[in-house]
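*Asks:* quick one: sequence and predicted model below, then my questions.
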Amino acid sequence: MIKTILKQLLNHKTLSREQAKEVLVNIAKESYNQSEVVAFLTVFMMRPVTVDELTGFRDALLELCLRIDLSDYNTIDMCGTGGDGKNTFNVSTLASLIVAGAGAKVSKHGNYGVSSSCGSSNVMEHLGYTFTNDSDKLKQQLDKANICFLHAPLFHPAMKAIGPIRRELGLKTFFNMLGPMVNPSFPQNQLVGVFSLELARIYNYIYQKGTKNYSIIHSLDGYDEISLTGDFKSITQNGEHMYAPRDFEMNAVKPDEIFGGDTVPEAANIFKSILNGTGTDAQNNVVVANAALALQCYYPTKDLMQCIDDARQSLMEGKAAKVLTTLLSLS
């Protein structure tokens, strides 16, 4: 079966939604050997994934995942696809804590870093958070800290099977594109950062068919988040919008000002200094900008400046730091 699929792909043909789903289900069941899986992944490093293929891969992961019912809460997830190769600090994780500190409920889906030295799971684990898929514990964290953290491998057996191969390759694969789409708690709101405009359009095409509030963001110089290094685009269910840093009343920043460190301890130190209010202006503004757009997605009636104020207050008054302290005490 996989040989036929590989021949089809090597002949420059694409997969149907059903074929894509079937292959990924088989990868999760470890029906193929490692060389076959690597060959399959490699095809998608050489060419863009189609809407049907990505939708089929997503269908497989959602069918196989351990679902977690948080529907009693109105939650938001904030994550990037990763794979932009920029090695920034953990913007979406910090922004998630800021958003929780501003009163929203966050169900953050995350994983270990593949294309950067430190993913959200690396930093949370380093800070002492214990991953769980126990629904009561996660609900308790949401109740008391406004946030819970869903570590992808605990909910996605398919990710578990592919994890070692992804780590060995150390390159972005279509799994980077899938991460934000397969939050096992099915949040009603989502801020998602993507590494290319092409992927932003594919995401928009898929998300338009659903019911969630969403904001897909891409910085035009290649970041999968609001980097403030230049202009960025936001695509929501209501249309597309271009922003410049000045629209947030912020200065543009240089890439080296948002570097994330080369090791997990280094990344965790940057993370802690920002959370404790001793980050640089550039670091603070980047997390506030991302949190503000997430708050606007969560509270559609609030204007952007109000959301920026709420986010800055959450960071600078220590509300976000308190969220982390509470979360760690519950885990």
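*Replies:* Arrived safely.
*Asks:* when you work out contacts or count neighbours from here on, use the C-alpha atoms and nothing else.
*Replies:* OK.
*Asks:* and the nearest residue to L142 once chain neighbours are set aside, how far from F155?
*Replies:* Excluding the flanking residues, the one nearest L142 by Cα to Cα, 6 or more residues apart in numbering is C148, at 5.5 Å. Distance check for C148 against F155: by Cα to Cα, to the nearest Å, it reads 14 Å.
*Asks:* pretty sure N183 contacts V106?
*Replies:* No: with contacts defined as Cα atoms under 8 Å, N183 does not count as touching V106, sitting 11.6 Å away.
*Asks:* which residues in the stretch 201-331 of the chain form strands?
*Replies:* Residue ranges of the strands in the stretch 201-331 of the chain, as given by DSSP state E, counting those that start in this stretch, are 213-219, 232-236, 239-243.
*Asks:* right, I mislabeled it, should have said the stretch 51-200 of the chain
*Replies:* Taking DSSP E, counting those that start in this stretch, the strands of the stretch 51-200 of the chain run over residues 75-80, 105-110, 147-151, 189-193.
*Asks:* who wins for proximity to G128 among the ones you listed?
*Replies:* Closest to G128 of the strands of the stretch 51-200 of the chain, according to Cα to Cα: strand 147-151, at 12.5 Å.
*Asks:* output that closest one in PDB with nothing but the alpha carbons.
*Replies:* Written as PDB, here are the backbone C-alpha positions of strand 147-151 (Å, rounded to 0.1, in the frame of the first residue of the first chain):
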ATOM      1  CA  ILE A 147      -4.900  27.800  31.700                       C
ATOM      2  CA  CYS A 148      -4.100  24.200  31.200                       C
ATOM      3  CA  PHE A 149      -1.300  22.700  29.000                       C
ATOM      4  CA  LEU A 150      -2.000  19.900  26.600                       C
ATOM      5  CA  HIS A 151       1.300  18.100  25.700                       C
END
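*Asks:* what's in contact with the helix or strand of the chain with the lowest mean pLDDT?
*Replies:* With mean pLDDT, DSSP states H and E as the measure, the helix or strand of the chain carrying the lowest mean pLDDT is helix 157-169 (a mean of 81). For helix 157-169, contacts defined as Cα atoms under 8 Å, 6 or more residues apart in numbering pick out 24-25, 27-30, 34, 38, 61, 64-65, 114, 152-154, 173.
*Asks:* check contacts around the spatially most central residue of the chain.
*Replies:* In the chain, the C-alpha closest to the average C-alpha coordinate belongs to C79, at a distance of 2.1 Å (Cα atoms, centre = their mean). Contact partners of C79, counting by Cα under 8 Å, 6+ apart, are S92, T93, K108, H109, G110, P180, L191, V192, G193.
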